[in-house]
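Visitor: Return atomic coordinates for the entry below.
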Amino acid sequence: LITVPLLMIEFYLILSAITKVSSGIFWRLMIGTLVMLIGGYIGETAYTEESARIFGDSTITIGFVIGML
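Guide: Sure, this is the predicted structure:
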């Protein structure tokens, strides 16, 4: 769940070591990483009555789709 988001941040660090990049790229990658982590967590939680009550049925599906993108 956390491997790809860490690679996104590592990509920025390696790119900034090679050439000058704006800090805006870092923040876009960070926001994308957080969306991926939160969506993936919601989508990958075990489907139980409690998780359906907390997140709702459609939210779990939407979270899974966001996490996969």
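
Visitor: contacts and neighbour counts: CA atoms only from here.
Guide: Noted.

Visitor: measure residue 41 to residue 62 for me?
Guide: Distance, residue 41 to residue 62, by CA to CA, to the nearest Å: 11 Å.

Visitor: The two: which is more packed in?
Guide: residue 41 (18 against 15; other CA atoms under 10 Å).

Visitor: Need the pLDDT of that one.
Guide: Per-residue confidence (pLDDT) for residue 41: 75.

Visitor: Would you tell me what helix or strand the residue lying closest to residue 25 once chain neighbours are set aside is located in?
Guide: Nearest residue to residue 25, sequence neighbours excluded (CA to CA, 6 or more residues apart in numbering): residue 12, at 7.6 Å. Taking DSSP states H and E as the criterion, the element that holds residue 12 is helix 3-18.

Visitor: Which strands and helices lie in contact with that helix?
Guide: The contact analysis (3 or more CA pairs under 8 Å, 6 or more residues apart in numbering; DSSP states H and E) places helix 3-18 against helix 23-44.

Visitor: And residue 62, how far from residue 30?
Guide: Applying CA to CA, the value for residue 62 to residue 30 is 20 Å.
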